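# sequence plus predicted model, see below.
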Amino acid sequence: MTVDSPDDIGAAREVLAGLSVGDVEVDLAARTLLAPISGGARVLTTALRELDLRGVALSDVGLRRPTLDDVFLTLTGHLAEPSGDAAGSAPRARPDETAAEVAT
């Protein structure tokens, strides 16, 4: 989700932390928060209600299912390596790369 005001990031993080099944990722510059949840639209609705009660205005919100790469990263702790050609010249994932957003 994206909050309208940087002043609302703390409140939004608090709400998401109470509902997420993992760490809440925050991008201060973009005013976005990403949180893995279990429960889909029901949990998202709960988050939106709580944010509304706190007066937190949002400019964007979304919900998505995890990709296979997200699941692999969660289960193994590292990214899947891309398949290379016969000579093995395909680029490899850097250890410091992270998976895309898990859920919002």
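Everything's here; your move. Residues are numbered from 1 along each chain as shown.
# what's L34 sitting at in phi/psi?
phi -120, psi 130 (degrees, to the nearest 10).
# which outside residues touch the longest helix belonging to the chain?
The residue-count maximum for a helix in the chain (DSSP state H) belongs to helix 41-53. Here helix 41-53 makes contact (C-beta atoms under 8 Å, 6 or more residues apart in numbering) with M1, A11, A12, V15, L16, L19, I37, L58, V61, L63, T104. Placement of C-beta: from N, CA and C, glycine included.
# run the last query once more with 6 Å
Contacting residues not belonging to helix 41-53 are listed as V15, L19, I37, L63 [C-beta atoms under 6 Å, 6 or more residues apart in numbering].
# measure the residue nearest to the first one when sequence neighbours are not counted to A11 for me?
What sits nearest to V15 in space, not counting adjacent residues and going by C-beta to C-beta, 6 or more residues apart in numbering, is E50, at 4.8 Å. Going from E50 to A11 by C-beta to C-beta, to the nearest Å gives 9 Å.
# list the buried ones in the lowest-mean-pLDDT helix or strand in the chain?
Across the helices and strands of the chain, mean pLDDT, DSSP states H and E gives its lowest value to helix 68-76, namely a mean of 79. Neighbour-count burial for helix 68-76, counted by 16 or more other C-beta atoms under 10 Å, picks out D70, L73.
# check stretch 59-70 too.
P66, D70.
# quick check: end-to-end length of stretch 71-80?
Counting by C-alpha to C-alpha, to the nearest Å, you get 10 Å between the two ends of stretch 71-80.
# got it, and stretch 53-63?
For stretch 53-63, the end-to-end distance is 20 Å (C-alpha to C-alpha).
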